[in-house]
Structures are given as C-alpha cells and as structure tokens.
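Novice: after the sequence you'll find the predicted model.
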Amino acid sequence: PPTPSLLAACEADHSPGARGRVVDRRLASPRFGERWARPWLDLARYADSHGFQRDGLRDLWPYRDWVLAALNADLPFDRFSVLQLAGALLPEAERGPGMEALVATGFHRAAPTNVEAGTVHEDVRVNLVFDRVNTTATVWLGTTLECAQCHNHKYDPFTLRDYYRLFAFFNQAEQ
C-alpha cells in the first residue's frame, strides 16, 4: 500500500493529473509485480522446497522471478498463459533470450514432489500428472476436476472420460 507520506502528498497536490501520476508511479514500482504475483504463485503451488518429509530446497526461484517480471512488464494474459503451459514447445525456447519460455514452464514444476528414499518413481510421476491436470483446471478453467478423477456426477459437465483425456495429454509430456 502507499505510504502515509505518499497519501498526504497526493491529497495536498491539486494540480491537473495529480491522481494519475500517483497511479502511474505505483504501477511502475517493482512492488506492483510482487503484490500481484503472490496469489498467482499460490495457485502455481510455488515453494522453495519439495513439500514432503524430506523437504530439501529446490531452485525454483527463476520461475518466481519470471512471474514478477512478466507482471511488471504487463505481459498479456494469453502470452503469460502460453509460456507457462507450453513454453518449452515454442521455437524461441531453444536458446538465447527466449530461454524465459523454459523458465515459465516452472508453473508445472512447482508441485510438491516426494524425493524421499524408497519412493517409487512411477508413483511420483503419475501423482505429478494428476497435479498438472487438477492445477491446470483450477487456474485456467476456473473449476475443480478432482471429483471426475474417480467418478461422474449427474449434473457436472466434466466426466471421468474428460478427466482422463486431459490426463493423457499431460501424461505424454517429458518429466
């Protein structure tokens, strides 16, 4: 939020465009991206650790920094979405300045990951695919699909079949 001194200066300034200048300064601040990144990073399951009992640190901060930069640059939402869902598949992801397309795919790398001794790799991989389906549906479809993972509901537009079609799509992605 603006500081008390900024509010006082704004209230005291009666010149034309005073309020607009305050808004422009607030939008130009790096704090703007920090403020709006918080709810997005929550939806993306962002954490600097794996999230299980053996909770080691992981280097996911480049994704967090990418989100902040994208929000501060006012990246259009369609591009913001494409980069996070399929950035690694874009031609510019190969090298150079397009590397942010790879970083943006951290959205699907942010899931809690069990790295404990004795975990079965295939179980972990399948759980990560379930997480991708459920998180993608929550963020981009604005709905939950977890119920359809196990059964159909009479009045629910998404069926078990729909769920596993989306699962099959994400199941083809390289881990």
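Specialist: That came through fine.

Novice: distance between the helix or strand of the chain with the lowest mean pLDDT and the chain's centre?
Specialist: Ranked by mean pLDDT, DSSP states H and E, the weakest helix or strand in the chain is helix 18-28, scoring a mean of 78. Here helix 18-28 is found 27 Å from its chain centre; the criterion is CA atoms, centre = their mean, to the nearest Å.

Novice: please point out which parts of it sit buried.
Specialist: By neighbour count, with 16 or more other CB atoms under 10 Å as the criterion, the buried positions of helix 18-28 are Val22. All C-beta atoms are positioned from the backbone trio N, CA, C, and that covers glycine.

Novice: only alpha carbons, please: show it as PDB.
Specialist: Extracted in PDB, the C-alpha atoms of helix 18-28 (Å, rounded to 0.1, in the frame of the first residue of the first chain):
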ATOM      1  CA  ALA A  18      -2.000  14.500  -9.800                       C
ATOM      2  CA  ARG A  19      -4.000  11.300  -9.100                       C
ATOM      3  CA  GLY A  20      -2.900   9.800 -12.400                       C
ATOM      4  CA  ARG A  21       0.700  10.500 -11.600                       C
ATOM      5  CA  VAL A  22       0.300   8.600  -8.300                       C
ATOM      6  CA  VAL A  23      -1.300   5.700 -10.100                       C
ATOM      7  CA  ASP A  24       1.500   5.700 -12.700                       C
ATOM      8  CA  ARG A  25       4.200   5.700 -10.100                       C
ATOM      9  CA  ARG A  26       2.500   2.800  -8.300                       C
ATOM     10  CA  LEU A  27       2.200   0.800 -11.500                       C
ATOM     11  CA  ALA A  28       5.800   1.400 -12.400                       C
END
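
Novice: that helix packs against which elements?
Specialist: On a contact count with 3 or more CB pairs under 8 Å, 6 or more residues apart in numbering; DSSP states H and E, helix 18-28 meets helix 4-12.

Novice: with only the CA atoms kept, save the helix it packs on in CSV.
Specialist: What follows is helix 4-12, C-alpha atoms only, in CSV (Å, rounded to 0.1, in the frame of the first residue of the first chain):
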residue,chain,number,x,y,z
PRO,A,4,1.3,7.8,4.7
SER,A,5,3.6,10.4,3.3
LEU,A,6,2.7,9.5,-0.3
LEU,A,7,-1.0,9.7,0.6
ALA,A,8,-0.5,13.1,2.2
ALA,A,9,1.4,14.4,-0.8
CYS,A,10,-1.3,13.1,-3.1
GLU,A,11,-4.1,14.8,-1.1
ALA,A,12,-2.1,18.1,-1.0
